[in-house]
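*Asks:* give me a 3D structure for the following:
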Amino acid sequence: MAPEVVAVLAAGISNFSVLVESEKSFVVRIDGINPAANGLNRQSEWRTLQTAHDAMLAPQPRYFNPALGALVCDYLVPDEDQAYCIPAVAALLRDIHQLPARHSRLDLAERILRYEKQLQHRTQAPTTPVAQCRAQVLRLLHDINQRPQPVVLCHNDLLQANRIYSGGRLWAIDWEYCAMGSPWHDLAVVIIGDSLSTAQTDELLEAYLGRTATSAERQELHQHSCVYRYLELLWYLALQRATVEPVVLEQKTAALENALAAC
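*Replies:* Residues are numbered from 1 along each chain as shown. Coordinates of the predicted model:
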């Protein structure tokens with residue numbers, strides 16, 4: 001039975017996803033650009049999807065063809081109730097961090113440099129306030145790298161848009177940024193990306209750790225949050241600048257400056 005296109009689910013810079021039906025429902029993702037341009041490792045993603053599905057954390061991957069830039073996974077039918085549940089998010093993060101290690105590793109300094117070079121290639125430059133934050137962010141990243149860091153398998157993009165309740169379970173989707181890295185960075189992505197309040201952040205940390213976070217752990221998280229804020233800004237400037245309202249960039253820049261001032 002030939003597959004029937006039902007809907008375009010998402011269309012972004014790096015890829016677009018289409019819902020198709022052929023006895024069952026599947027999501028077909030097609031690369032929009034060379035994944036290597038964004039530092040993505042499709043082979044590592046495919047292997048991680050397989051183990052994540054075995055752990056009931058991700059939809060089942062069905063087909064992968066890097067030459068065609070195609071990935072097919074089962075479609076997860078969304079539950080009607082998609083209420084935000086912090087303990088469930090913490091449990092999902094904890095389970096992801098227990099998945100088997102992979103060779104691919106997130107190098108934050110390299111990712112920053114990649115986006116900066118993309119800006120230079122377009123003869124663009126970060127706005128002055130963003131550029132002024134660069135030196136302090138790199139110092140923070142240097143300090144982070146000087147300390148012993150736990151390294152686990154991370155999703156690295158577990159925003160609310162990449163989580164879905166289906167069949168009464170919370171699943172993680174869109175694993176294209178998955179790589180080995182610091183769990184503190186993964187936590188920072190959720191906290192900043194979901195705009196969690198201080199109280200919500202405390203709840204997430206306690207649910208994730210199973211105890212109250214120490215001051216050293218909070219400082220670790222804060223430093224990773226500053227690095228992520230800078231990385232996110234560069235991503236917007238390098239890949240999404242034309243589609244993002246200037247006020248959004250201004251707000252994110254101000255949030256980065258305030259976070260750095262608290263270091």
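
*Asks:* what's near enough to touch the closest residue to Asp79 other than its chain neighbours?
*Replies:* Nearest non-adjacent residue to Asp79, counting by Cβ to Cβ, 6 or more residues apart in numbering: Tyr165, 4.3 Å away. Yep, even glycine has a C-beta here, placed from its N, CA and C like the rest. Going by Cβ atoms under 8 Å, 6 or more residues apart in numbering, Tyr165 touches Pro78, Asp79, Asp81, Gln82, Trp171.

*Asks:* which of the residues you listed lies closest to Glu45?
*Replies:* Trp171 (15.5 Å; Cβ to Cβ).

*Asks:* read off the pLDDT value for the closest one.
*Replies:* At Trp171, the pLDDT value in this model is 98.

*Asks:* try Leu92
*Replies:* 98.

*Asks:* Thr243 too?
*Replies:* What the model reports for Thr243 is a pLDDT of 68.

*Asks:* sorry, back to before: tell me which element the residue nearest to Asp79 is part of?
*Replies:* Element membership of Tyr165, judged by DSSP states H and E, is strand 163-166.

*Asks:* can you list the buried residues in the next helix or strand after that strand?
*Replies:* Sequence-wise, the next helix or strand downstream of strand 163-166 (DSSP H and E) is strand 169-172. Under the neighbour-count criterion of 16 or more other Cβ atoms under 10 Å, strand 169-172 has Leu170, Trp171, Ala172 buried.

*Asks:* using the three-state scheme, assign the nearest residue to the first one once chain neighbours are set aside.
*Replies:* The spatial neighbour of Leu170 that comes closest, neighbours along the chain excluded (Cβ to Cβ, 6+ apart), is Ala88 at 4.7 Å. Under DSSP: H, G, I helix; E, B strand; the rest coil, the three-state class of Ala88 is helix.

*Asks:* now the helix or strand that contains Ala199: average pLDDT?
*Replies:* According to DSSP H and E, Ala199 maps onto helix 198-209. Regarding helix 198-209, the rounded mean pLDDT is 98.

*Asks:* who are the packing partners of it?
*Replies:* Counting contacts by 3 or more Cβ pairs under 8 Å, 6 or more residues apart in numbering; DSSP states H and E, helix 198-209 packs against helix 86-96, helix 183-193, helix 215-235.

*Asks:* mind giving me the packing neighbours of the second one?
*Replies:* In other words, helix 183-193. So helix 183-193, by 3+ Cβ pairs under 8 Å, 6+ apart, packs with helix 86-96, strand 152-154, helix 198-209, helix 215-235.

*Asks:* which of these sits closest to Glu4?
*Replies:* The nearest among the helices and strands packed on helix 183-193, by Cβ to Cβ, is helix 86-96 at 31.9 Å.

*Asks:* tell me which residues are up against that closest one.
*Replies:* Looking at what lies outside helix 86-96 - Cβ under 8 Å, 6+ apart - the contacts are 52, 55, 57, 153-155, 158, 163, 170, 172, 183, 186-187, 190, 200, 203-204, 207-208.
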